[in-house]
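Student: The following comprises the amino acid sequence and a computationally predicted model.
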Amino acid sequence: MALKPNEQIIVSAATATAVYAIFQLNAPNLADVKASAPGGAASVNTHKSVKTAVWTSAIFVSGLAVLARDPAIFIVGGLLTSVEGWKYYHANAVDQATGAVIAPGAAATGQPSPTLNGGS
């Protein structure tokens, strides 16, 4: 049995708040991510932190949606998880000086980092 419409709104809002809180606790400050240089070890650590927040949020949202047997919770929670994850991944990958996208683990010059690939 699904929730009533007014209950859907309340539980969906609580789910969105919980997802936002998970990102605040697990991921670094978004302003710091935007200000940092992409690539390198710090970027990889940020990527791992955001990945942890995304997985934690996805598990929380899925579990709550299954318990409540309501798709609205899954839709709202999944959408917010996707948006929050994208914001952090984008901020972590874009060089603010050039606007170029640099993959996590790659040096700012676009070349792979020697420490991450085992090179010299």
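Tutor: On my side now, so go ahead.

Student: How many residues are close by residue 28?
Tutor: Residue 28 has 17 neighbouring residues, counting by other Cβ atoms under 10 Å. Quick note: C-beta positions are derived from backbone N, CA and C, even for glycine.

Student: What of residue 21?
Tutor: 12.

Student: Name the residues of the strand or helix carrying it that are buried.
Tutor: Element membership of residue 21, judged by DSSP states H and E, is helix 5-26. Neighbour counts over helix 5-26 (16 or more other Cβ atoms under 10 Å) mark 8, 11-12, 15-16, 18-19, 22-23, 26 as buried.

Student: How is the spatially closest residue to residue 54 that is not a sequence neighbour assigned, secondary-structure-wise?
Tutor: Leaving out its chain neighbours, the residue that sits closest to residue 54 by Cβ to Cβ, 6 or more residues apart in numbering is residue 85, at 4.4 Å. For residue 85, the assignment made with DSSP: H, G, I helix; E, B strand; the rest coil gives helix.

Student: Sweet, I'm off.
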